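> Provide a 3D model corresponding to the input given below.
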Amino acid sequence: MTKSILDGRYVSNILYEKLKFKYEELVKIVGRKAGLAFIKVGNDKASTIYLNTKTKKCNEIGIYQETFTFDENITEEELIIEIRKLNENKNIDGILVQLPLPSHINYIKIMSEINPDKDVDGFHPENVGNLLFNDKGIYSCTPQGIMELLKFYKINVVGKDIVIIGRSNIVGKPMALMLINEGATVQVCNSKTKDLFHKVKQADILISATGVPRLIKSDCIKEGAVIIDVGISEFEGKLSGDVDFEDVYNNSRLSYISPVPGGVGPMTIYSLIKNTIRAFELNNIQLKKNM
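Model (predicted):
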């Protein structure tokens, strides 16, 4: 069986070209660039790296951006005041709160304060509800990026048995809803799931988002399966996904697999840019008329 790599870098670069053309046309109509505000609380090293990657891509596309950095001791009430200011800022179309937040801040409460039309992460309850009802909205970046990756490689999900490992609000739950909306049969597993690897072995498509390095081995992969690795962590001094890539790629008869890094990550950034341009449309009356 021929094995193929789901190359997120390659796919996102192609999709960016189409998106950039659309964005340039929108800028001409509005007369200004889309504006994106990044909110960072504290000095988490991983958050800083992720944020730098996002800002770099915004610069390449031509999106105006501002980064607001706050001390980790900022109160929840103070952070909400800052978000409300950005909700009213006419030059800011999208607001992204970089996670994780300090433990004394309730991230659900914070996300609920963002104007749904500026919620480029897709975490506001209104946008989650839109996803539940398969209605128009701004959807979570990583699951949306995975759907784009599957679509590009013409991997049909209709009627497929899909196993998701991880039930987070960021990946697992919205991923399940997107797949259900497309006609897939979905199981969402977690650390307490009975006979986890037996279920994994039944999967036509496996999506793993646990952050446990090299959890998935070749002996639990179904022949012809598609493997989407969302996890990323450090293992023996190197970046690793949930999947033991070399073991699975060399010793199983899968059809597709996404690498770490270079698979889901670039597609997540692409989805953020796409969501920002969507927010740009939603926050400009002259663009809404043509939507």
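
> roughly how far out does the helix or strand harbouring residue 164 sit from the chain middle?
Using DSSP states H and E, residue 164 sits in strand 161-165. With Cα atoms, centre = their mean, to the nearest Å as the basis, the distance from the averaged C-alpha position of strand 161-165 to the chain average is 17 Å.

> what about that strand, average pLDDT?
Per-residue pLDDT values across strand 161-165 average out to 98.

> Quick check: which helices or strands does that strand pack against?
If contacts are counted by 3 or more Cβ pairs under 8 Å, 6 or more residues apart in numbering; DSSP states H and E, strand 161-165 sits against helix 172-181, strand 185-189, helix 196-201, strand 205-208. Placement of C-beta: from N, CA and C, glycine included.

> give me that answer again for 10 Å
Under the contact criterion of 3 or more Cβ pairs under 10 Å, 6 or more residues apart in numbering; DSSP states H and E, strand 161-165 touches helix 172-181, strand 185-189, helix 196-201, strand 205-208, strand 226-229.

> Report the strands that pair with the fourth one, each with its relative direction.
Strand 205-208 has its sheet partners listed here by DSSP bridges as strand 161-165 (parallel), strand 226-229 (parallel).

> still on that earlier bit, okay, angle between the strand holding residue 164 and strand 185-189 too, please.
Computed by axes from the mean of the first three to the mean of the last three Cα atoms, to 10 degrees, the angle separating strand 161-165 from strand 185-189 equals 20 degrees.

> now strand 161-165 and helix 172-181, what's the angle there?
Calculated by the same axes, to 10 degrees, strand 161-165 forms an angle of 170 degrees with helix 172-181.

> hey, C-alpha coordinates of strand 161-165 in PDB?
What follows is strand 161-165, C-alpha atoms only, in PDB (Å, rounded to 0.1, in the frame of the first residue of the first chain):
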ATOM      1  CA  ASP A 161     -15.300   5.300  11.700                       C
ATOM      2  CA  ILE A 162     -13.300   8.000  13.300                       C
ATOM      3  CA  VAL A 163     -11.700   7.900  16.700                       C
ATOM      4  CA  ILE A 164     -10.500  11.100  18.400                       C
ATOM      5  CA  ILE A 165      -8.300  10.700  21.500                       C
END
